[in-house]
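Visitor: Need the 3D shape of this:
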Amino acid sequence: MFVAGQRHVHAHHPLRLLQNCGLETVSLPVHPVRPDVLDDERDPLLPPPASTRDVRHGCFTLRVEGVSLSAIARIERLAWNTVARWLERAGSVCRRFSDGRTTGFVSTELQADEIRSFTGGKTRPTWVFAAMEAWSRLWTSTVVGRRSYRNTLALVRDVASRMTFTTCPSIVTDGFEFYGTVIRRVFGSAALSAQVLKTRRHDCVVRADRRTVIGSAWPETRRMTVQAR
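Guide: Numbering: from 1, shown residues only. Below you'll find the predicted structure:
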């Protein structure tokens, strides 16, 4: 069904599929009209042309929702490299904002883990090292690269440089081999460290073992039980 103020799209277009699922209020994007086209020559049913700021905001919203760059370019009727450039600039601004604001926090319990992703092909995966303060849900640090000792050290050093040491923090990680060595090198005895070793079968966790790396075992029992769930 055609709605005034929206462009007609093919029945199998992704936006039309969204409308068919019950999202009739989806506003279809409008490409800015060329300046040489007079207002009286435009279709009176079309809304006024969207500003560049609105188009960028639409691109960012779609990307946050997990839409690919190619799909964003088709939906917003833009060149693929334009969308990629805007997202790269937005990511740089967000990174600077986060680096400037995420400092001086007090951590009771830190959790560090790696997220596997792909860029270009599955033969060369990219790993996202992330550290999070468990109780406040503050995402403290991120390092992207290979799953290596160097990136593990960069993550832990970045966390240590942002923290305010008022208490002895607890650091809970998975069984990756470099965490114990790196935490002992950066924090020494100023932190408690433990690992949760998960056994998976058919993509399901069937067993979780707990191991203390730095410090006594009893302070970690409750925290590791929470993470193993």
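
Visitor: got a pLDDT number for the residue nearest to the spatial centre of the chain?
Guide: Closest residue to the average C-alpha location of the chain: residue 64 at 8.5 Å, with Cα atoms, centre = their mean. At residue 64, the model reports a pLDDT of 88.

Visitor: One more: residue 223?
Guide: pLDDT at residue 223 comes out at 48.

Visitor: circling back: where's the residue nearest to the centre of the chain relative to residue 94, distance?
Guide: Counting by Cβ to Cβ, to the nearest Å, the separation of residue 64 from residue 94 is 11 Å. Where C-beta positions appear, they are placed from N, C-alpha and C, glycine not excepted.

Visitor: for residue 77, same thing?
Guide: 25 Å.

Visitor: got the domain boundaries for this protein?
Guide: 14-99, 109-228 (automatic domain parsing).

Visitor: which stretch in these has the least confidence?
Guide: If you rank these by mean pLDDT, domain 14-99 sits at the bottom with a mean of 71.

Visitor: Kindly list the longest helix within the protein.
Guide: Identified as the longest helix of the chain according to DSSP state H is helix 80-101.

Visitor: about what we covered before: give the contact list for the residue nearest to the centre of the chain.
Guide: Under the criterion of Cβ atoms under 8 Å, 6 or more residues apart in numbering, the contact list for residue 64 is empty.

Visitor: how many other residues sit next to residue 184?
Guide: For residue 184, the tally of surrounding residues (other Cβ atoms under 10 Å) stands at 15.

Visitor: Tell me the secondary structure at it.
Guide: Judged by DSSP: H, G, I helix; E, B strand; the rest coil, the three-state class of residue 184 is helix.

Visitor: distance of it from residue 121?
Guide: From residue 184 across to residue 121, the span is 36 Å (Cβ to Cβ).

Visitor: Could you report the neighbour count for residue 53?
Guide: By other Cβ under 10 Å, the residues close to residue 53 number 8.

Visitor: related to what we said a few turns ago, check which residues of the longest helix of the chain are buried.
Guide: Buried residues in helix 80-101, counted by 16 or more other Cβ atoms under 10 Å: 82-83, 86-87.

Visitor: and the residue nearest to residue 215 when sequence neighbours are not counted, how far is that from residue 128?
Guide: Once flanking residues are discounted, residue 215 sits nearest to residue 192: 3.7 Å by Cβ to Cβ, 6 or more residues apart in numbering. Distance, residue 192 to residue 128, using Cβ to Cβ: 25 Å.

Visitor: that older thread, helices and strands around the longest helix of the chain, which ones?
Guide: Counting contacts by 3 or more Cβ pairs under 8 Å, 6 or more residues apart in numbering; DSSP states H and E, helix 80-101 packs against helix 52-64, helix 69-76.

Visitor: looking at those helices, which is closest to residue 153?
Guide: helix 52-64 (30.4 Å; Cβ to Cβ).
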